[in-house]
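1. build me a model from this:
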Amino acid sequence: MSRRDQIKLTDEEVADFLVEQRIVTCATNGHDGLPHLMPLWYVLRDGELWSWTFAKSQKVKNLERDPRATLQVETGDSYDQLRGVTLECDAVLHRDVDTIAALGTEIMSRYAPGAELGEAGEAMVRAQAPKRVGLQFVERRRASWDHRKLAGVY
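-> Purely as a prediction, here's the structure:
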């Protein structure tokens, strides 16, 4: 068995890892051909990563021109603890305000202390929704790694 196969995460391990982690780095193709990298908060919906961002952001401009994106979620402070997932995706932009508000509420609930937004939080999400775009990342291909599976053999 190759080392690559040894460290690969199963589908279940990927799902658990993505639920456990909190930040995804999103790479889009910039107008000058260079990658544009930005961190995002996210939620999982039926195994897909979803996020939101300002409609006028550079990443939205990039995705309007080229809907391909690469996402990476990773963790670990030393080589023997590195874990991560890279997803090559097609991004679908959602502009319906109700869809975006529901997504924003879901995202903010995940990241809010106590996971309760309350009326003030929900009002903030509703006020933000017209300025934002929902991002649905449809996976094309995946790579994953968990160096802990090597049991100290590098």
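2. where do the strands of the protein begin and end?
-> Taking DSSP state E as the criterion, the chain contains strands spanning 24-29, 35-40, 43-45, 48-54, 68-75, 83-94, 132-146.
3. any chance of those in JSON lines with distance to Glu119, mean neighbour count and mean pLDDT as columns?
-> Where C-beta positions appear, they are placed from N, C-alpha and C, glycine not excepted. Below are the strands of the chain laid out as JSON lines (distance: least, Cβ to Cβ, whole Å; neighbours: other Cβ atoms under 10 Å; pLDDT from 0 to 100):
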{"stretch": "strand 24-29", "distance to Glu119": "29", "mean neighbour count": "20", "mean pLDDT": "98"}
{"stretch": "strand 35-40", "distance to Glu119": "26", "mean neighbour count": "14", "mean pLDDT": "97"}
{"stretch": "strand 43-45", "distance to Glu119": "21", "mean neighbour count": "14", "mean pLDDT": "97"}
{"stretch": "strand 48-54", "distance to Glu119": "20", "mean neighbour count": "20", "mean pLDDT": "97"}
{"stretch": "strand 68-75", "distance to Glu119": "32", "mean neighbour count": "18", "mean pLDDT": "98"}
{"stretch": "strand 83-94", "distance to Glu119": "25", "mean neighbour count": "18", "mean pLDDT": "98"}
{"stretch": "strand 132-146", "distance to Glu119": "20", "mean neighbour count": "18", "mean pLDDT": "97"}
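4. closest to Arg4 out of those strands?
-> strand 132-146 (8.3 Å; Cβ to Cβ).
5. residues contacting the residue nearest the centre of the chain?
-> The C-alpha lying nearest the average C-alpha coordinate of the chain belongs to Val24 (Cα atoms, centre = their mean; 4.1 Å). By Cβ atoms under 8 Å, 6 or more residues apart in numbering, the contact set of Val24 is 39-42, 49, 51, 71-73.
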